[in-house]
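Engineer: model this:
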Amino acid sequence: MVMCCMPSIEAMQVDGAPEVKVTCDPLDLSHFLNRDFLPMNLMCDRAQMFERYIADRTKAVFDYFGLPLDAEPPPNPAKGHLCH
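Structural biologist: Here you go, the predicted model:
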């Protein structure tokens, strides 16, 4: 779904591979994802999630797409609690 929102994509056929690999510019992908982090963070904050869990969710999105995230996460909250 994300790929259909990118301004351009590339398809590559790797020798010996049965499938084509579709890629996009990482900078385009980063810009696309960054537009939705504020609404996601606001929803998580409204649900009273700890900052660490919001940061972990953001990192999971970056990891899924293979993008680097250079921000230090906030400290861990008390174990067993998801919200404030």
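Engineer: residue farthest from the centroid of this structure?
Structural biologist: Of all residues in the chain, Gly16 has its C-alpha farthest from the mean position, at 30.8 Å, by C-alpha atoms, centre = their mean.
Engineer: can you tell me which helix or strand it belongs to?
Structural biologist: Using DSSP states H and E, Gly16 is not contained in any helix or strand.
Engineer: could you show me where the strands are in this structure, in order?
Structural biologist: 9-13, 20-24 (DSSP state E).
Engineer: could you give me the average pLDDT of the last one?
Structural biologist: Strand 20-24 shows an average pLDDT of 84 in the prediction.
Engineer: now it and strand 9-13, what's the angle there?
Structural biologist: 150 degrees (axes from the mean of the first three to the mean of the last three C-alpha atoms, to 10 degrees).
Engineer: buried stuff in strand 20-24?
Structural biologist: Residues of strand 20-24 classed as buried: Cys24 (neighbour count, 16 or more other C-beta atoms under 10 Å). In this view, the C-beta of every residue, glycine as well, is placed from N, C-alpha and C.
Engineer: for that strand, packing partners?
Structural biologist: Applying 3 or more C-beta pairs under 8 Å, 6 or more residues apart in numbering; DSSP states H and E, one finds that strand 20-24 contacts strand 9-13.
Engineer: what's next to the strand it packs on, contact-wise?
Structural biologist: Met3, Val20, Lys21, Val22, Thr23, Cys24 (C-beta atoms under 8 Å, 6 or more residues apart in numbering).
Engineer: before we move on, the earlier item: quick one: closest of the strands of the chain to Lys59.
Structural biologist: strand 20-24 (20.4 Å; C-beta to C-beta).
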